[in-house]
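Novice: have a look; sequence and predicted model below, questions after that.
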Amino acid sequence: MTASTRPLRLAEAVGALSLATDLAMGQPLEHGLRTAVLAVRIAQAMGLREDDRVTVFYTGLLHFAGCTAESEIDARFFGDELSARPRMMAVAFGTRRDLIATASRVAHPERARLARAAAMASSAFGGVTEFRKWAASHCDVASVLGARMGLSHQVQTALRHLWERWDGRGMPGDLRGGQIPLAVRLMQVAQDADMAWQQGGGVLAESLLAERAGCGLDPGAVTAFLSLGETAYAGLDAPSIWDAALVAEPGPQPVVSEDRLDACLSAIADFADLKSMWMLGHSRGVAELAERAAVVAGLPEADQVLLRRAGLVHDIGRVAVPVNVWAKPGPLNRDEREQVRLHAYHTERVLDAAAALRPLARLAGSHGERCDGSGYHRASRATELPLTAWLLAAADCYHAMGEPRPYRRALPAGTAASELSREADAGRLAAEAVHAVLTAAGQPQPRPVTGMAAERPPPEYQPGGRQPAGRRPRPAGLSERECEVLGLLARGLATKQVARRLGISPKTCDHHIQRLYGKAGVSTRAGATLFALEHGLVRPDETVIR
């Protein structure tokens, strides 16, 4: 961002993440915004204090912030998780019978009934325990992301209890009634009200809330909402309520400081990468490589910062594509290819919503473009985009080559460099950008490119004061062994597999896991994965993934 850019409000940064959660949950865009506005209106009707209304507002915005933590679990259970999630959410606080009936209808609809039942039974082998882990992961991730976005302790606490129910039959089932944070209870009413209102207007919403009061939902919060009548939905049918939601934010409406902005964007990056274990750490890796390439290319510092930040958020649109598309081991069909191409469009539109993030939007959304017009989503050509865009495209391409994918193994660095050079020779990537990226990555150059600095940065060079990977301090007092355990956990290994890999007993491994959870302040593997990403402890590992 440049010095002339208007300040970024915290509500805008969180609002952009909220739009991404809508995409990840298959909800109509701005569901999170509407939930926040409705929840604040309930809070006002109940006469809550300003600081409580602030907690309500941000809890409403981020109530789906942990959803990518269980995307792969949902994909195993339902098939296309993006199609199933809206229908499952519509009954989450209804009766158990509705929940089971809906799950049986939306899970693997392409399969015959018996095959569908078998797939569901296999996916839910752990029973209630597995669903409690699912809820705990969602809440753990939501709370950690809330902390990294700079939200209050009250909001972080609320985000840890999103799936509890008034009747005590929620997940993980530790709280009931008034034990559940008030912000969560108001959010749940607002969430259900918005989904019902979108489907059948105020009449359906009132009927559904009245039916669930005292069961899944707080009856006092339902009464307060119903007392608002049609005024509860005032303005929510506008083409966009982005501006109205920003106005609705209670309290002092804080601004994200320059030194906090990268933390917010890194939270968005990790939210996107959690979508699939194949992508863990990809966004951060691209951001660092793109920034180093900008230095090599001699770009001004402002462009270096812009590239790093665009790299962090370039893949946020990835969450709009089903997990099974990213994890497909064979060629994609036409429909799947179009979904992948559209993820860059979704990235741009999410970022464009916040005026202060617009300098990143077009750049981040251009990471799939190619100089000959064969890229996506605009099919831009070489002269239509600045060098920063081609640097990002080349950095994204090179970094992805060095990561394993379900359809191929990770390419060695030299092979990836040769492949990237061939892309430049074919006219798909800018030769100047490819040279800068390969130089930044420490790869030999196939030939000099005029007008470019040919010197390779020294091995200890790291932009922004970062420590080289081999010299990173161990975070939170973790031991070397705990860091090893954490890295393998983040790549998806079970406790026994980690133990076997490190040559220790499962009991010793579990002891390490519990200690590192305590030091990191998390309670689930998903939360630990976020911690590992934040501190650079996740590395691509072919054998782990396979």
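Specialist: That came in fine, so what should we check first? Numbers count the residues shown, from 1 in each chain.

Novice: now the lengthiest helix in the chain: buried residues?
Specialist: Longest helix of the chain, by residue count under DSSP state H: helix 182-212. For helix 182-212, the neighbour count (16 or more other C-beta atoms under 10 Å) marks 182-198, 205-206, 208-209, 212 as buried. In short, each C-beta sits where N, CA and C put it, glycine included.

Novice: where does this structure have its least confident helix or strand?
Specialist: Lowest mean confidence among the helices and strands of the chain (mean pLDDT, DSSP states H and E): helix 542-545, at a mean of 56.

Novice: so which strand or helix has Cys139?
Specialist: Secondary structure assignment for Cys139, by DSSP states H and E: helix 128-148.

Novice: show me what that helix is packed up against.
Specialist: Secondary-structure packing of helix 128-148 (3 or more C-beta pairs under 8 Å, 6 or more residues apart in numbering; DSSP states H and E): helix 153-159, helix 258-273, helix 525-534.

Novice: any idea how far Ala410 is from Gly536?
Specialist: For Ala410, the distance to Gly536 (C-beta to C-beta, to the nearest Å) stands at 18 Å.

Novice: C-terminal to the helix or strand hosting Cys483, what's the next element?
Specialist: Cys483 belongs to helix 480-490 when assigned by DSSP H and E. As assigned by DSSP H and E, the chain's next helix or strand after helix 480-490 is helix 495-502.

Novice: could you check the angle helix 480-490 makes with that next one?
Specialist: Going by axes from the mean of the first three to the mean of the last three C-alpha atoms, to 10 degrees, helix 495-502 is angled at 130 degrees with respect to helix 480-490.

Novice: export helix 495-502 as CSV, just CAs?
Specialist: What follows is helix 495-502, C-alpha atoms only, in CSV (Å, rounded to 0.1, in the frame of the first residue of the first chain):
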residue,chain,number,x,y,z
THR,A,495,0.3,-39.4,16.4
LYS,A,496,1.5,-43.0,15.7
GLN,A,497,2.8,-42.0,12.3
VAL,A,498,4.7,-39.0,13.7
ALA,A,499,6.2,-41.3,16.4
ARG,A,500,7.3,-43.8,13.8
ARG,A,501,8.8,-41.1,11.6
LEU,A,502,10.8,-39.7,14.5
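
Novice: quote the end-to-end distance of stretch 408-418.
Specialist: Start-to-end span of stretch 408-418 (C-alpha to C-alpha, to the nearest Å) is 17 Å.

Novice: whatever helix or strand Asp243 lives in packs against which elements?
Specialist: Using DSSP H and E, Asp243 maps to helix 242-248. Helix 242-248 sits against helix 10-24, helix 31-45, with contacts defined as 3+ C-beta pairs under 8 Å, 6+ apart.

Novice: got the buried residues for it?
Specialist: For helix 242-248, by 16+ other C-beta under 10 Å, it's 242, 244-246, 248.

Novice: ok, then the element right after that helix?
Specialist: Next helix or strand after helix 242-248 toward the C-terminus (DSSP H and E): strand 255-256.

Novice: what sits up against that following strand?
Specialist: Identification of contacts with strand 255-256 by C-beta atoms under 8 Å, 6 or more residues apart in numbering yields 7-10, 13, 150, 264.

Novice: just send the residues you listed back as CSV, with distance to Gly503, pLDDT and neighbour count too.
Specialist: As requested, these are exported to CSV (distance: C-beta to C-beta, whole Å; pLDDT from 0 to 100; neighbours: other C-beta atoms under 10 Å):
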residue, distance to Gly503, pLDDT, neighbour count
Pro7, 52, 90, 13
Leu8, 48, 95, 22
Arg9, 51, 97, 18
Leu10, 46, 98, 20
Ala13, 44, 98, 24
Gly150, 41, 95, 17
Cys264, 40, 97, 25
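
Novice: could you work out the most separated pair of those?
Specialist: The span of the contacts of strand 255-256, defined through C-beta to C-beta, is set by Pro7 and Gly150 at 13.8 Å.

Novice: on that earlier part again, centre of the chain to the helix holding Cys139, how far?
Specialist: 13 Å (C-alpha atoms, centre = their mean, to the nearest Å).

Novice: I'd like the mean pLDDT over that helix, please.
Specialist: Averaging pLDDT along helix 128-148 yields 88.

Novice: pull the CA atoms of that helix into PDB?
Specialist: Taking C-alpha atoms only, helix 128-148 is exported to PDB below (Å, rounded to 0.1, in the frame of the first residue of the first chain):
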ATOM      1  CA  VAL A 128     -20.000 -38.000  18.000                       C
ATOM      2  CA  THR A 129     -16.300 -37.800  19.000                       C
ATOM      3  CA  GLU A 130     -15.300 -36.900  15.500                       C
ATOM      4  CA  PHE A 131     -18.000 -34.200  15.200                       C
ATOM      5  CA  ARG A 132     -16.900 -32.700  18.500                       C
ATOM      6  CA  LYS A 133     -13.300 -32.600  17.100                       C
ATOM      7  CA  TRP A 134     -14.700 -30.900  14.000                       C
ATOM      8  CA  ALA A 135     -16.400 -28.200  16.000                       C
ATOM      9  CA  ALA A 136     -13.300 -27.800  18.200                       C
ATOM     10  CA  SER A 137     -11.100 -27.300  15.200                       C
ATOM     11  CA  HIS A 138     -13.500 -24.700  13.700                       C
ATOM     12  CA  CYS A 139     -13.600 -22.700  16.900                       C
ATOM     13  CA  ASP A 140      -9.800 -23.000  17.600                       C
ATOM     14  CA  VAL A 141      -9.000 -21.700  14.200                       C
ATOM     15  CA  ALA A 142     -11.600 -18.900  14.400                       C
ATOM     16  CA  SER A 143     -10.200 -17.800  17.700                       C
ATOM     17  CA  VAL A 144      -6.600 -17.800  16.600                       C
ATOM     18  CA  LEU A 145      -7.400 -15.900  13.400                       C
ATOM     19  CA  GLY A 146      -9.400 -13.400  15.500                       C
ATOM     20  CA  ALA A 147      -6.400 -12.800  17.700                       C
ATOM     21  CA  ARG A 148      -4.100 -12.400  14.700                       C
END
